[in-house]
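In: how would this look folded up:
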Amino acid sequence: MSALDYNPPHDLEAEKALLGSLLLNPKLLEEVADKLKPDYFVDRKNQIVYQIILDLWLNSQPVDVLFVLNALQNNLRFNATEVGTINREYLLELIAKSSLSSSPEHTARIIKEKYILRMLIRVGDNLKTLAVESNSPVEDILDNAQKQLYEIALDNLDKNFVRIGDLLTATFERINELYTNQVKYRGIPTGFVDLDNMLGGLHHSDLIILAARPSMGKTSLALEIVKRVALQQQIGVAVFSLEMSRDQLCDKLIASVSGIELRKIRSGQLEDSDNLNEFTKLGEAIGRLEEAPIWIDDSGSLNIMELRTKARRLKSRHNIGLIVIDYLQLMSGKNYNYQGNRVQEVSDISRGLKMLAKELNIPVLALSQLSRGVEGREDKRPLLSDLRESGSIEQDADVVLFIHREEMYSKDTKKKGIAEILISKHRNGETGVVELAWIPKLATFENLQGARIRSVVDK
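Out: As a prediction, this is how the structure comes out:
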């Protein structure tokens, strides 16, 4: 027998008192209708009466005993047995209880709190059953638990209108803080000046897609952002790498921090002379990175539920401020068979990443591959239509960035060592192109001295 079957938290007197008050004074619905759902009542009769009262009120009809009884008789939503238990005497009993209600809002809050307690018990019962009887993977059960608890928490939030005066006051305080502290960006700065000027940093709850053809440096750019966010801003970053090992990622980060060529770090052939002591520089770089708030997960395979579970844990324990995923197409969807429909699977992944960004209220930077259609065009600059396997990536993303290096296609280009970052989608701002310096020996990017923002992305 579950706890709900035994003694569920409830307050029948509060339910009757509130319904009686509404029957006497329907205007009170203006205070509770948006906060209270019929399901919040524990007594099925009270659920039905409240639903009928709501229906009458929403249809601008009178709300009293006679109209409720008439609506009950003509309502096909409920079965005859349920309706038969509600008569004139019961409605008059509700009205008699109305004197017990000093404040409709307070009474509604009591009813809602009892409902939430019942839901918590129900979730506990369901999880107990799953843990004992289900053959589902443990990861699925954990994700299910977190999801259900999160939904209850969301339901407990008061989502009311806010007077614009209150909003403007808060807005002024935020702008004043930025002005007083000389903070340039509302989001997390990437450390790339022109990119931050365009985006305003990486914003909370945003899904940012960074896409490019192979060997363009999307992992290198993502790691450079990770380094700058963690070291310069002291903001925790979680890196989920499905392609490179943790050792490869560390090598790249060390090269970027130390300025030592990547090939030397990988081979161990460091120079040690009076003019150049690379071993010392290596130690200094490792010392800096050792204290950096960076967490790396290089699981070879990762589905969206596992990622969300790990991300929630890191957010709870270490208050991370940025998630980086390398890369989206190497992830798998939920643990059921998509029957070869990879487009649907990638759609579920991108939607799951956007939901994760909103849930944790932090930016999620997801790397993505591009289709080979880029190679077949004279102009090799990527387009939104080149995002591989799913148009939902473009739809779910708040920002889409592409990397284009002309030297990869033309040896005679005048833009050697220059990378164009195409901001092809920016939900809350302008699109455009910024230029960064590509540093081959370090396999990383740097601000390009004298770079200027171009105003329009080439279509």
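
In: show me where the stretch 101-250 of the chain has its strands.
Out: 207-212, 237-241 (DSSP state E, counting those that start in this stretch).

In: select, out of these, the one closest to residue 430.
Out: Closest to residue 430 of these, according to CB to CB: strand 207-212, at 15.5 Å. Every C-beta, even on glycine, is put in place using the N, C-alpha and C of the backbone.

In: list the strands paired with that closest one, with their directions.
Out: If you go by DSSP bridges, strand 207-212 pairs up with strand 364-369 (parallel), strand 399-404 (parallel).

In: need these in TSV (columns: distance to residue 127 and mean neighbour count).
Out: Below are those laid out as TSV (distance: least, CB to CB, whole Å; neighbours: other CB atoms under 10 Å):
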stretch	distance to residue 127	mean neighbour count
strand 364-369	27	25
strand 399-404	37	24
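
In: residue 189: which of those strands is closest?
Out: Closest among these, using CB to CB: strand 364-369, at 13.4 Å.

In: could you dump the closest one to CSV, C-alpha only?
Out: Extracted C-alpha coordinates of strand 364-369, given in CSV (Å, rounded to 0.1, in the frame of the first residue of the first chain):
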residue,chain,number,x,y,z
VAL,A,364,25.6,25.6,-23.3
LEU,A,365,28.1,25.7,-26.1
ALA,A,366,27.7,22.7,-28.3
LEU,A,367,30.0,21.9,-31.2
SER,A,368,28.5,20.6,-34.4
GLN,A,369,29.6,19.2,-37.7
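
In: in what helix or strand does residue 438 lie?
Out: Using DSSP states H and E, residue 438 falls within strand 432-439.

In: hang on, the earlier thing: would you mind giving the strands paired with strand 207-212 as JSON lines with distance to residue 50 and mean pLDDT added?
Out: Formatted as JSON lines, the strands paired with strand 207-212 follow (distance: least, CB to CB, whole Å; pLDDT from 0 to 100):
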{"stretch": "strand 364-369", "distance to residue 50": "40", "mean pLDDT": "91"}
{"stretch": "strand 399-404", "distance to residue 50": "44", "mean pLDDT": "92"}
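
In: can you redo the ones you listed as CSV with distance to residue 43?
Out: Putting these into CSV (distance: least, CB to CB, whole Å) gives the following:
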stretch, distance to residue 43
strand 364-369, 44
strand 399-404, 49
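
In: tell me which of those strands lies nearest to residue 268.
Out: So among the strands paired with strand 207-212, strand 364-369 is nearest, using CB to CB, at 28.6 Å.

In: just want the angle from the closest one to strand 237-241.
Out: Going by axes from the mean of the first three to the mean of the last three CA atoms, to 10 degrees, strand 364-369 is angled at 20 degrees with respect to strand 237-241.

In: show residues contacting strand 364-369.
Out: 202, 206-211, 213-214, 218-219, 222, 225, 322-329, 350, 353-354, 356-357, 387-388, 393 (CB atoms under 8 Å, 6 or more residues apart in numbering).

In: just the buried members of those?
Out: 202, 206-211, 213, 218-219, 222, 225, 322-329, 350, 353-354, 356-357, 387-388, 393 (16 or more other CB atoms under 10 Å).

In: with mean pLDDT added, can I get the strands of the stretch 101-250 of the chain in a markdown table?
Out: Supplementary listing: these in a markdown table, determined by pLDDT from 0 to 100:
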| stretch | mean pLDDT |
| --- | --- |
| strand 207-212 | 92 |
| strand 237-241 | 90 |
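
In: distance to residue 27 added to those strands, as TSV?
Out: Converted to TSV, the strands of the stretch 101-250 of the chain look like this (distance: least, CB to CB, whole Å):
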stretch	distance to residue 27
strand 207-212	43
strand 237-241	51
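
In: show me the one of those strands that comes nearest residue 441.
Out: strand 207-212 (19.9 Å).

In: contacts for stretch 281-291, please.
Out: Contacts of stretch 281-291 (CB under 8 Å, 6+ apart): 231, 250, 253, 254, 257, 258, 259, 260, 265, 270.

In: which positions within stretch 255-271 qualify as buried?
Out: In stretch 255-271, counting by 16+ other CB under 10 Å, buried: 255, 256, 257, 258, 260, 261, 262, 264, 265, 270.
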